[in-house]
Structures are given as structure tokens and as C-alpha cells.
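Engineer: Predicted model follows, preceded by the sequence.
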Amino acid sequence: MIFNDEIVSGTEEFVSKYALLSAERKELQELGELPSWVITPGYQLLKSKYLDKGETLRQRFSTIASTAAKYMPDSDYWETTFFDLLWEGKLAASTPILSSMGKDKGCAGEVFGLASGVS
């Protein structure tokens, strides 16, 4: 396989950063702050797009679960249920939910509609 010098010179740095990210992910999993089903590319996406600096996925899921549970009749039950479903990977949060729910930014649910012109 032929590589140009630019790709070859950047490969070592990429591998090093990926190895550090992988080690960080594994440490968070050992500490119980990241589910076991999260792999390094997924953690990289979460860290770069959805988690605030210093925030763990456990904290993010907890905030989502407690915020969603406020709208349910038995909020204690639903907070635990929502958290467990998220943590076990049985419920996937959409981008607006993952990035905004329980925060003072954005909108946790976004709705898009079109008028069809038919009455």
C-alpha cells in the first residue's frame, strides 16, 4: 500500500490519541461512569459532541432520566426506569435529548411539521 508523507506522518499521532482515548474509556467503564457496551469510537463521539467538559455519560443519563421523570405520575419509579433503560442500551436518546434535556440550552424535543394543503 502506498501512502503519501502527510498521511504517514499523521498516523502515529492519530494512533497515540486513539490509544489515550481508549484507555480513558476503559478507566471510566471500570469506575462505573460509562456503560460496558460503549466502544472507543462511540465514546469519542459522545465526548466531542454531547458531553459537557468534565461530565460523564452516567451524569448525562441521570440528568435526562430525572428531567423526563418529572412529567410522569410516579417520578421516582420512572427516573430509575429511564436511567436503567439508557444505561443498558435498551433506550437510545435522540440528539436533542442527549445534548439538551435538563440543560438551559436548546430544546429537548424538536417538532417539524408541514401543511399538506388538504383541508
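Structural biologist: Arrived safely, thanks for sending. It should be emphasised that the depicted structure is a prediction, and the values quoted were computed from it without experimental measurement. Residues are numbered from 1 along each chain as shown.
Engineer: what's the most centrally placed residue in the chain in contact with, if anything?
Structural biologist: What sits nearest the mean C-alpha location of the chain, by C-alpha atoms, centre = their mean, is residue 46, with 4.3 Å. Contacts for residue 46 (C-beta atoms under 8 Å, 6 or more residues apart in numbering) come out as 38, 57. The C-beta positions use only the backbone N, C-alpha and C, and glycine is treated the same way.
Engineer: ditto for residue 35
Structural biologist: 29, 57, 87-89.
Engineer: measure the residue nearest to the centre of the chain to residue 84 for me?
Structural biologist: To residue 84, residue 46 is 19 Å away according to C-beta to C-beta, to the nearest Å.
Engineer: Equivalent analysis for residue 29, please.
Structural biologist: In terms of C-beta to C-beta, residue 29 sits 17 Å off from residue 84.
Engineer: Between these two, which is the more surrounded one?
Structural biologist: residue 29 (16 against 13; other C-beta atoms under 10 Å).
Engineer: For that one, which non-adjacent residue is spatially closest?
Structural biologist: residue 36 (5.7 Å; C-beta to C-beta, 6 or more residues apart in numbering).
Engineer: Report all helices and strands that the helix or strand residue 61 falls within contacts.
Structural biologist: Using DSSP states H and E, residue 61 sits in helix 57-69. Packing partners of helix 57-69 (3 or more C-beta pairs under 8 Å, 6 or more residues apart in numbering; DSSP states H and E): helix 75-87, helix 95-100.
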